[in-house]
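**Q** Sequence below, structure please.
(4 chains)
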Protein chains: 2
Amino acid sequence: MEATIEKEVCVTHTKETCVTAVAAVRDTLYVLNGKWKLPLLLALANGPKRFKEIQRDLQEITPKVLSKELKELELNEFLERKVFATTPVTVTYELTPYSRSLDRVLKELREWGLQHRQRIIKSRKHKVE
Amino acid sequence: MEATIEKEVCVTHTKETCVTAVAAVRDTLYVLNGKWKLPLLLALANGPKRFKEIQRDLQEITPKVLSKELKELELNEFLERKVFATTPVTVTYELTPYSRSLDRVLKELREWGLQHRQRIIKSRKHKVE
DNA sequence: GATACTACTATCCTAAAGGATACCGGTATC
DNA sequence: GATACCGGTATCCTTTAGGATAGTAGTATC
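**A** Numbers count the residues shown, from 1 in each chain, chains lettered A, B, ... in the order given. I've put the predicted structure just below:
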């Protein structure tokens, strides 16, 4: 592994950059956090869906929680809520192009997670032997 | 932005790869999650420290929580606990080389977080106007 | 007129994370 | 002998995420 300039999250090691960096990392963790954020993003990956449709796809989610999670995702501009004046009204939720900016982050998270799981399984095995 | 093959976390869109991918992402989020994981990694970035030293650096952390967080970081192989038979005993906590594997992940998380904060601030402003 | 569907909201409850406070055994210092 | 430091543990409490359950307004369907 090459030597890098940064140590963990901080590019330079002044107090302010560290505080900012930690806050930034935490922001990202925060928008992805919770039991349903990832499943929700996935559920909408193939196109817009209605409230009940999502609820059926995710099966275990209650309407209260679904409503809350959708609002958070909307605030973060990951999805758009569209109301159609049909009778009765139709409401759809659709991922925004901006939601795709998460792809790189999610890729890193996925790869590290896969690698880590393998590593931990392996070292548990060695300790048992 | 170029078209990518993957949609969000899933490389291919079969049910299994998705479930695995979500689990992997969640694993990573999990090891970084909690109020003190990042500050702790940072506190140890400049070399090993003793229990009380860390507690002083992080100021607000209680010994119970610090103890628990250190154990979790140790289980994930991010740090090593070393006991020295001095009188009285000295215990140090030291980051492992493996902990540096987080650098890439943290870099992505930090950059996305910085960018996102700017974006959200900007769109709030536009809505007020 | 009764039932059912949509898109939710309201109320109550539980489990888990984390904090406050106190304490412990061992050692060193005054 | 009293006090203080180290590396924690034990007990209780609060806050928060999330679940269970019920209900709502509006419309359509039988």
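
**Q** where does A:Q118 land in three-state SS?
**A** Under DSSP: H, G, I helix; E, B strand; the rest coil, A:Q118 falls in the helix class.

**Q** Now for it, how many residues are close by?
**A** 10 (other C-beta atoms under 10 Å in any protein chain shown). For glycine as for every other residue, the C-beta is placed from the backbone atoms N, C-alpha and C.

**Q** tell me the pLDDT at it?
**A** pLDDT, A:Q118: 96.

**Q** the strands in chain A, which residues?
**A** Secondary structure of chain A (DSSP state E): strands located at A:49-50, A:79-84, A:90-95.

**Q** Return the list of strands paired to the shortest one, each annotated with direction.
**A** Strands that pair with strand A:49-50, judged by DSSP bridges, come out as strand A:90-95 (antiparallel).

**Q** picking up where we left off before, can I get the strands of chain A in JSON lines with mean pLDDT?
**A** Output for the strands of chain A, formatted as JSON lines (pLDDT from 0 to 100):
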{"stretch": "strand A:49-50", "mean pLDDT": "97"}
{"stretch": "strand A:79-84", "mean pLDDT": "96"}
{"stretch": "strand A:90-95", "mean pLDDT": "97"}
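
**Q** out of those, which comes closest to DNA strand D?
**A** Closest of those to DNA strand D is strand A:90-95, at 11.3 Å (criterion: C-beta to the nearest atom of the strand).

**Q** and the closest one with DNA strand D, contact?
**A** No - counting by C-beta under 7 Å from any atom of the strand, no contacts exist between strand A:90-95 and DNA strand D, the nearest distance being 11.3 Å.

**Q** Mean neighbour count and distance to B:D57 for the strands of chain A - can I get that in a markdown table?
**A** Below are those laid out as a markdown table (neighbours: other C-beta atoms under 10 Å in any protein chain shown; distance: least, C-beta to C-beta, whole Å):
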| stretch | mean neighbour count | distance to B:D57 |
| --- | --- | --- |
| strand A:49-50 | 16 | 47 |
| strand A:79-84 | 14 | 40 |
| strand A:90-95 | 17 | 41 |
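
**Q** Could you export the ones you listed as TSV, including distance to A:D27?
**A** Formatted as TSV, the strands of chain A follow (distance: least, C-beta to C-beta, whole Å):
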stretch	distance to A:D27
strand A:49-50	27
strand A:79-84	18
strand A:90-95	20
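
**Q** Let me have those in TSV, extended by distance to DNA strand C.
**A** Converted to TSV, the strands of chain A look like this (distance: least, C-beta to the nearest atom of the strand, whole Å):
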stretch	distance to DNA strand C
strand A:49-50	4
strand A:79-84	7
strand A:90-95	4
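
**Q** Identify whichever of those strands lies nearest to B:L40.
**A** B:L40 lies closest, by C-beta to C-beta, to one member of the strands of chain A: strand A:79-84, at 33.9 Å.

**Q** what packs against the closest one?
**A** If you count contacts as 3 or more C-beta pairs under 8 Å, 6 or more residues apart in numbering or on different chains; DSSP states H and E, strand A:79-84 packs onto helix A:63-75, strand A:90-95.

**Q** out of those, which comes closest to B:S123?
**A** With C-beta to C-beta as the measure, helix A:63-75 is the member of these nearest B:S123 (9.9 Å).

**Q** I'd like the mean pLDDT over the closest one, please.
**A** Throughout helix A:63-75, pLDDT has a mean value of 97.

**Q** Just the buried residues of it, please?
**A** Buried positions in helix A:63-75, judged by neighbour count with 16 or more other C-beta atoms under 10 Å in any protein chain shown: A:66, A:69-70, A:72-73.

**Q** What angle do strand A:90-95 and it make with each other?
**A** On the basis of axes from the mean of the first three to the mean of the last three C-alpha atoms, to 10 degrees, helix A:63-75 is oriented at 50 degrees to strand A:90-95.
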